[in-house]
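> give me the fold of what follows.
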Amino acid sequence: MLELAVLGFLFDAPLHGYELRKRITALTGHVRPVAESTLYPAIKRLEKAGLLVRATEPGAVAAPRHVLRLTGDGRGELRRRLAEPDSRDITDENRWFTVLAFLRHLDDSAAQAAVLRRRLAFLEEPASFFYDGDRPVRAEELTDPFRRGILTIARATSQAELTWLRDTLDALDA
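Below you'll find the model as predicted:
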């Protein structure tokens, strides 16, 4: 997820590390804060793989800073990861939002639609946070108001996303 976010934000524009961290934190930080000790090793891995380059530029006020730019290979890798997200990228809401934030960088609407269809199929499967054996428990079955709240909120969120997915797929297919 972190590498995808780095590639995605650098696809949009060259950034220095501090600005990149702010943007990633804005996208995912409320759930998974991005520490420098996590971000900078990811940047070094991507740089070593030839997916981004670092250049020193004069700072606006203080010392020079390192600006990160995506390479052609980096652009290709972002598009590959977007076109072929792993199953966790589809099923984990936070990872899904990262994919969704950059899905516009796939130039092919059929490829975009294929990714959305995978998410749609996942959401259409019966699921719950709570189970009775192998059977998902519905909100209406619970007496605990807090657990019922979790399921009620999750259902509303899922219904909104299902509506958006179907509408977006109709538009992409048109």
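> how many neighbouring residues does the closest residue to Leu70 other than its chain neighbours have?
Spatially, and ignoring its direct neighbours in sequence, Leu70 is nearest to Leu10 (4.2 Å; C-beta to C-beta, 6 or more residues apart in numbering). Bear in mind the C-beta positions are built from the backbone N, C-alpha and C, glycine included. By the other C-beta atoms under 10 Å criterion, the neighbourhood of Leu10 contains 25 residues.
> now do Leu10, the pLDDT please.
The pLDDT attached to Leu10 in the predicted structure is 97.
> ok, it to Ala26 distance?
Using C-beta to C-beta, to the nearest Å, we find Leu10 at a distance of 15 Å from Ala26.
> can you pull out the low-pLDDT segments for this protein?
29-32, 59-62 (pLDDT under 70).
> that older thread, what helices and strands are in contact with the helix or strand containing the residue nearest to Leu70?
Following DSSP states H and E, one finds Leu10 within helix 2-12. Other elements packing on helix 2-12 under the criterion 3 or more C-beta pairs under 8 Å, 6 or more residues apart in numbering; DSSP states H and E are helix 17-28, helix 36-48, strand 52-57, strand 65-70, helix 72-83, helix 93-102.
> count the neighbours of Leu70 for me.
When neighbours are counted by other C-beta under 10 Å, Leu70 comes out with 24.
> ok, Leu27 next?
Count around Leu27 with other C-beta under 10 Å applied: 20.
> check contacts around it.
Residues counted as contacts of Leu27 (C-beta atoms under 8 Å, 6 or more residues apart in numbering) are Ala5, Phe97, Thr98, Ala101.
> picking that back up, export the helices and strands packed on helix 2-12 to JSON lines and tack on distance to Asp173?
As requested, the helices and strands packed on helix 2-12 are arranged in JSON lines below (distance: least, C-beta to C-beta, whole Å):
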{"stretch": "helix 17-28", "distance to Asp173": "28"}
{"stretch": "helix 36-48", "distance to Asp173": "34"}
{"stretch": "strand 52-57", "distance to Asp173": "34"}
{"stretch": "strand 65-70", "distance to Asp173": "30"}
{"stretch": "helix 72-83", "distance to Asp173": "17"}
{"stretch": "helix 93-102", "distance to Asp173": "18"}
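> out of the ones you listed, which gets nearest to Glu124?
helix 93-102 (14.7 Å; C-beta to C-beta).
> and the angle for the closest one with helix 2-12?
Here the directions of helix 93-102 and helix 2-12 differ by 20 degrees (axes from the mean of the first three to the mean of the last three C-alpha atoms, to 10 degrees).
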